[in-house]
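>>> Provide a 3D model corresponding to the input given below.
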Amino acid sequence: QVQLAESGGGLVQAGGSLRLSCAASGRAFSSYAMGWFRQAPGKEREYVAVISWSGGSTYYADSVKGRFTISRDNAKNTVYLQMNGLKPEDTALYYCAACRYTSTMAGNYDYWGQGTQVTVSS
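From the prediction side, this is the model:
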């Protein structure tokens, strides 16, 4: 069992930056791949970024490539999402999730946090 808690969301102007954190409790965090997903009002949840259990492999949605960076610190049981160059279309509820293998498909993830709101004003 893994419990996840996101933090770091907020209101920022376009072009600004935010760093999201996801703290995990429970055993074997380092054995899980971790992903960030987001859901805007009236839209389906979409994949943002994924990192393998070791941190050696990362994957990004085309819409955030070059602007967002996912990382993890297994000693701290935490995964991060550094978001730079934020755009109004990045406004969404951001979730972190844990999966037993590396996947960009939300349906494959076993554990989810409650989400943290990111709002980007124009």
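
>>> any idea which element the residue nearest the centre of the chain lies in?
Centroid-nearest residue in the chain: Trp36, 2.3 Å away (criterion: CA atoms, centre = their mean). Using DSSP states H and E, Trp36 maps to strand 33-39.

>>> for Glu46, what are its contacts?
Going by CB atoms under 8 Å, 6 or more residues apart in numbering, Glu46 touches Phe37, Arg38, Gln39, Ala61. Glycine gets a C-beta too; all of them are placed from N, C-alpha and C.

>>> Ok, Ala33 next?
With contacts taken as CB under 8 Å, 6+ apart, Ala33 has the following neighbours: Val50, Ile51, Ser52, Trp53, Ala98, Cys99, Arg100, Tyr101, Thr102, Ser103.

>>> Give me the neighbour count for the residue nearest to Ser31 when sequence neighbours are not counted.
Nearest residue to Ser31, sequence neighbours excluded (CB to CB, 6 or more residues apart in numbering): Trp53, at 5.6 Å. Taking other CB atoms under 10 Å as the neighbour definition, Trp53 ends up with a count of 20.

>>> now Ser57
Residues near Ser57, counting by other CB under 10 Å, number 11.

>>> how close does it get to Ser103?
Separation of Ser57 from Ser103 (CB to CB, to the nearest Å): 12 Å.

>>> With Tyr80 instead?
To Ser103, Tyr80 is 19 Å away according to CB to CB.

>>> between the two, who's got more neighbours?
Taking other CB under 10 Å, Tyr80 and Ser103 do not tie; Tyr80 has more neighbours (20 against 16).
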